[in-house]
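Q: fold the following for me, if possible:
(one chain, ligands or ions: 2)
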Amino acid sequence: MDRLVSAVPDLGQSTNAAAFRAQAKASPALLRLKNMTCIEDLRQAARRRVPKPFFDYVEAGAYSEQTLRANSADLGRITFRQRVLVDVSQRDTGTTILGEKASLPIALAPIGIGGMQWADGEILACRAAQAAGVPYTLATMSICSIEDVAQAVEKPFWFQLYVMKDRGFVRSLVERAAAARCSALVLTVDLQVLGQRHVDVKNGLSVPPSLNARNLLALATKPAWAWRMLTAKRWTFGNLAGHVKGEQGVKELADWVSHQFDPTLNWNDVEWIRSIWPGKLIIKGILDVDDARTASNAGATAIVVSNHGGRQLDGAPSTISVLPKIVEAVGSETEVLFDGGVRSGQDVMRALALGARGCLVGRAYIYGLGAGGEAGVATAIEILRKELSVTMALTGTRSIDEVGERVLN
Ligand SMILES: Cc1cc2nc3c(=O)[nH]c(=O)nc-3n(C[C@H](O)[C@H](O)[C@H](O)COP(=O)(O)O)c2cc1C
Ligand SMILES: CCCCC(=O)C(=O)O
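A: Ligands and ions are numbered 1, 2, ... in the order given. Predicted structure coming up:
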């Protein structure tokens, strides 16, 4: 099965459609994905290839999923201003994020247990991101560890930090990220207490998967997935090995969070993190103007306007509905990144038009990972690139600098 992945040649700088088509010709893995023309196609393929508990985990939002739905619905209501007779023959989707060049105004969001979607998922996603020229964020709760990923990729990546009760362990994570030359620390502040995702409870989601009859069946019906996992031999949280007692038999994720994550986390701790991480600091999970101001004053290089993809506070507003006022409050001092509901290049354009510097994409790339490993993530990024480029053309926009309210109705 690993043929699918190992057959993928170095994708190079996949920044234009012609180059991607040439690579697809040479690569059976990309060829298999060639009929995937939108993120929804990748989602359907992931549904077929990933065991149900892990696919459900990606899909889920908290409680009634009102906020999850609002993220996409509110983005979809924003319409563009069609402009014609503008020379759009030369278009550039490139930009800078945190001062670094990116071929697209996106970064791959931190996704816990990405390595359960496809064996070695975090390494593969990071490779695809780097080949495409966009930042990748490794989650604290990843299956591949910081060191696993650092050894397997060429360029620096971002590391996402969850603050646990054991501050010695938190410090060691930060030190490991620095030793691995991570280029930014993404401090997630909206998940000290887990918003329940009903389906995970019903599926008995655990890492490693619990071996009851139902779960064994779910794994057995995806033999290609299971074979890759057995070969990769990575089944549990890579960053936590040796640090947390009983880690090999982690129980339900919700139990894990309530035992390990620190609900006392507050702004003084941000000062502490700032003192042990002198590099670029991104605070992720900001949805309120006052919090955005405090984050900016606390020395954040950037913030991510995020409600955790609708997975935490059900009933919170959609991210796109709060973006403009947060940009207005802090946008001149702090880079404002955006996430939640981005499933197309059109969505990226919408967020940029309302002031975001770039978008973190979560599920959109994870569907690609579940659909086809590294080639699937490359395909997801390529789909977003093409959609953004065409949307730029049809709104009479040649560069990311030109994107603003002028492209909206
Ligand atoms: C399956 C899944 C796992 C996630 N795990 C993490 C995580 O470990 N750390 C984190 O900061 N955010 C995590 N998030 C939130 C994402 O980083 C991001 O905020 C969210 O996915 C954006 O919404 P979107 O999926 O609609 O793009 C996760 C999201 C999903 C869907
Ligand atoms: C305990 C893992 C939490 C990962 C996460 O952030 C999410 O599932 O949304």
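
Q: which stretches of the stretch 251-400 of the chain have low pLDDT?
A: Where the stretch 251-400 of the chain drops to pLDDT under 70, the residues are 251.

Q: for ligand 2, what are the nearby residues on it?
A: Contact residues, the stretch 251-400 of the chain versus ligand 2 (CB under 6 Å from any ligand atom): 253, 256, 257, 308, 311. C-beta: built from backbone N, CA, C; applies to glycine.

Q: the second one: neighbour count?
A: With neighbours defined by other CB atoms under 10 Å, the count for residue 256 comes to 19.

Q: where's it, which helix or strand?
A: Assigned by DSSP states H and E, residue 256 belongs to helix 253-260.

Q: can I get that helix in CSV? Just the C-alpha atoms.
A: The C-alpha trace of helix 253-260 is given here as CSV (Å, rounded to 0.1, in the frame of the first residue of the first chain):
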residue,chain,number,x,y,z
LEU,A,253,-9.7,11.8,24.4
ALA,A,254,-12.1,13.6,26.7
ASP,A,255,-10.6,11.8,29.7
TRP,A,256,-7.2,12.6,28.5
VAL,A,257,-7.9,16.3,28.2
SER,A,258,-9.5,16.6,31.6
HIS,A,259,-6.5,14.8,33.3
GLN,A,260,-3.8,16.5,31.4
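
Q: does anything pack onto the helix or strand that that helix is followed by? Which helices or strands?
A: Later in the chain than helix 253-260, the nearest helix or strand by DSSP H and E is helix 267-276. Counting contacts by 3 or more CB pairs under 8 Å, 6 or more residues apart in numbering; DSSP states H and E, helix 267-276 packs against helix 167-179, strand 184-188, strand 281-286.

Q: mind jotting down where the helices sit in the stretch 1-150 of the chain?
A: Under the criterion DSSP state H, counting those that start in this stretch, the stretch 1-150 of the chain contains helices at 3-6, 17-26, 28-32, 39-49, 52-59, 66-76, 121-132, 146-152.

Q: single out the most deeply packed of the ones you listed.
A: Mean neighbours per residue, mean count of other CB atoms under 10 Å, is largest over the helices of the stretch 1-150 of the chain for helix 121-132, with a mean of 27.

Q: what separates it from the chain centre, distance-wise?
A: 12 Å (CA atoms, centre = their mean, to the nearest Å).

Q: near ligand 2 at all, that helix?
A: No: contact of helix 121-132 with ligand 2 (CB under 6 Å from any ligand atom) is absent, the minimum separation being 13.1 Å.

Q: give me the spatial nearest neighbour of the residue of the chain found nearest ligand 1, chain neighbours excluded.
A: Proximity of the chain to ligand 1 (CB to the nearest ligand atom) peaks at residue 362, 2.2 Å away. Leaving aside its chain neighbours, residue 362 sits nearest to residue 109 (4.1 Å; criterion: CB to CB, 6 or more residues apart in numbering).

Q: check the offset of stretch 65-80 from the chain's centre.
A: That offset, for stretch 65-80, works out to 18 Å (CA atoms, centre = their mean).

Q: quick check: the residue of this protein nearest ligand 2.
A: In the chain, no residue comes nearer to ligand 2 than residue 112, which is 3.0 Å away by CB to the nearest ligand atom.

Q: residues touching that residue, list them.
A: 139, 140, 141, 142, 253 (CB atoms under 8 Å, 6 or more residues apart in numbering).
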